[in-house]
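Visitor: 3D, please:
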Amino acid sequence: MSSAPAKPQTAAERVAARMKAAKAAEARAAAEAKVAAAEAKAQAQLRKAEPATEGDGKSDKAGKRDKAVKLSRPGRPRWTMTVGPATIALVLVAFALLAGWAAIATSALIFGDKLSARLVAQQSDMQFAYEQKLVVFRTQLDRFARQTRLERDGVEGRIADLMLRQAALEARQAMLTALADQTRLPDGASPVKFGEAGGAPIKAASVQRAAPQSTFTILDPSYPAPERVTYLEHAIDRFEKVQLGSLNGLTQRSQSTLLQLRSAFSEVGLDAEKFVPTAALVRGQVADLLPETKDFGGGPFESNVAQIRRTLSVLGRLRTAANAVPFFRPIPGSAGLMTSSYGTRSDPFTGEARFHAGTDFRSPIGVPVHAGGSGVVQTAGVGGGYGNLVIIDHGNGITTRYGHLSAINVTVGQPVALGTVVGLVGSTGRSTGPHLHYETRINGEPNDPTHFIRVGERIYATQ
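Guide: Sure, this is the predicted structure:
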């Protein structure tokens, strides 16, 4: 049956074992010393008891130097050993050396064990201190790792939020550009001026287009990530304020333009509500003309977008209606000089006072004559004293007449846009020279064309 494996001894157990061995060695040395002393005493007693041995004269002389030691055991023959002084001295020296060696060995063993125990204790203390330092370092490392993870998670969350805000800013920017285009007339279309409303017009190009991601390029990548993210957050905050300011400007611009057009209708005796039912427009009948409003959180920007959408809805329809009102000069610029105004005048043929239902523009034969507003050609042919005549129906009871033309460029039923060339200046019919006779009528009643033109000059550019 195999024995169980010995349990490893600890340092303290080893020290105790060595001290026990040292004590045992001391006990053995003491016992050996006692045995030696007893033997010496026995030899001394034997020398006193035994008579000197017989012999010749040499033996007497030798007897003075040597001693005979007789040893015997009960029941055994006695034997004799002669020991001289030198032998005794040698034995004593040997015993002394042996005792000294035993003492030195025991001391060395004892002190060596004590030194070993001290070294083991010091090593144990050092190992314990090292393990404690490892525990502290591991704790600090874990704490740093957790803090780093938290910071990284925080930075990543902020970056994700920045990306969402950046996407919202880009969508808002596209919306601002579209809204800015809505607050001004397209090139080549109805040339409405906004300058009269106060201040320069807000154009799409005036809306700041600096995308928030451009701030990434001016940051040094060696900067700590949290600082860069903070910088970007501040940059996006500033850009959001700029966008809100631009939207506020567009809102004011559109409202000012809307008021200007309403005022223009009122000045010429027209009711803007008759042309554009505001309540219906507010319900969104022309919402398809405007960019869609995305949900950005329902802040000031979104509130202003909703407001400007309603304003632009009305403004878009009102502009369309204004294009059909004869605010435009039939002969732009200096090509047509007004020579005879609306009202009572002296008839050039009879000299009698006679009502003049329109305004005459003196111009060379062949100069293009433009439609004062959009509409449909009602008449295109000879019209008595008008000579070659074109009449355009602009809707809502408004018509314009273009007389004494040398040529007609349109046909009955043809839709015409604002500024379309309807004919050429001539001197046909009851005319004293090349000129254009231009009339504006509402529900068949003549109105002063210059009144429409003066209002139009504030909102239309000369073509």
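
Visitor: care to break this protein down by domain?
Guide: 11-145, 161-323, 333-459 (automatic domain parsing).

Visitor: so how far does the longest one reach from one end to the other?
Guide: Same thing as domain 161-323. This stretch, domain 161-323, spans 47 Å end to end (CA to CA, to the nearest Å).

Visitor: what do you get for stretch 423-441?
Guide: With CA to CA, one end of stretch 423-441 sits 19 Å from the other.

Visitor: in which helix or strand does the nearest residue in space to L244 that is not next to it in sequence reside?
Guide: Distances taken as CB to CB, 6 or more residues apart in numbering place F301 nearest to L244, at 5.4 Å, with adjacent residues excluded. For glycine as for every other residue, the C-beta is placed from the backbone atoms N, C-alpha and C. Using DSSP states H and E, F301 maps to helix 300-323.

Visitor: packing partners of that helix?
Guide: Secondary-structure packing of helix 300-323 (3 or more CB pairs under 8 Å, 6 or more residues apart in numbering; DSSP states H and E): helix 85-182, helix 225-267, helix 272-275, helix 278-282.

Visitor: give me the angle between that helix and helix 225-267.
Guide: Here the directions of helix 300-323 and helix 225-267 differ by 30 degrees (axes from the mean of the first three to the mean of the last three CA atoms, to 10 degrees).

Visitor: buried ones in helix 300-323?
Guide: For helix 300-323, a neighbour-count test (16 or more other CB atoms under 10 Å) marks 301-302, 304-305, 308-319, 321-323 as buried.

Visitor: show me the contacts for the residue nearest to L244.
Guide: 172, 240, 243-244, 247 (CB atoms under 8 Å, 6 or more residues apart in numbering).

Visitor: repeat that for 7 Å
Guide: 172, 243-244, 247 (CB atoms under 7 Å, 6 or more residues apart in numbering).

Visitor: what pLDDT does the model give it?
Guide: As predicted, F301 sits at a pLDDT of 75.

Visitor: quick revisit: so which of the helices and strands packed on helix 300-323 gets nearest V377?
Guide: The closest of the helices and strands packed on helix 300-323 to V377 is helix 272-275. By CB to CB, the value is 20.8 Å.

Visitor: any weak-confidence spans in the stretch 51-200 of the chain?
Guide: Per-residue confidence for the stretch 51-200 of the chain (pLDDT under 70) gives these ranges: 51-83, 108-117, 119-120, 123, 130, 137, 140, 143-155, 182-200.

Visitor: change it to 80
Guide: Along the stretch 51-200 of the chain, segments meeting pLDDT under 80 span 51-93, 95-96, 99-176, 178-200.

Visitor: Y231: how many residues sit nearby?
Guide: A total of 15 residues lie near Y231 under the criterion other CB atoms under 10 Å.

Visitor: look up how far H437 lies from P364.
Guide: 16 Å (CB to CB, to the nearest Å).

Visitor: out of those two, which sits in the more crowded spot?
Guide: H437 (23 against 11).

Visitor: give me the element A31 is part of.
Guide: Per DSSP H and E: A31 is located in helix 11-49.

Visitor: what average pLDDT does that helix get?
Guide: For helix 11-49, the mean pLDDT works out to 73.

Visitor: now stretch 320-337
Guide: Averaged over stretch 320-337, pLDDT sits at 82.

Visitor: now the residue nearest to T428 when sequence neighbours are not counted. Its backbone dihedrals?
Guide: Of all residues not flanking T428 in the chain, G387 sits nearest, at 2.8 Å (CB to CB, 6+ apart). Main-chain torsions, G387, degrees, to the nearest 10: phi 70, psi -140.

Visitor: cool, and S346?
Guide: Dihedral pair for S346: phi -80, psi 120, per degrees, to the nearest 10.

Visitor: ok, the closest residue to S266 other than its chain neighbours - contacts?
Guide: Ranked by CB to CB, 6+ apart and with sequence neighbours excluded, the top spatial neighbour of S266 is A272, at 7.2 Å. Residues near A272 by CB under 7 Å, 6+ apart: 262, 265, 318.
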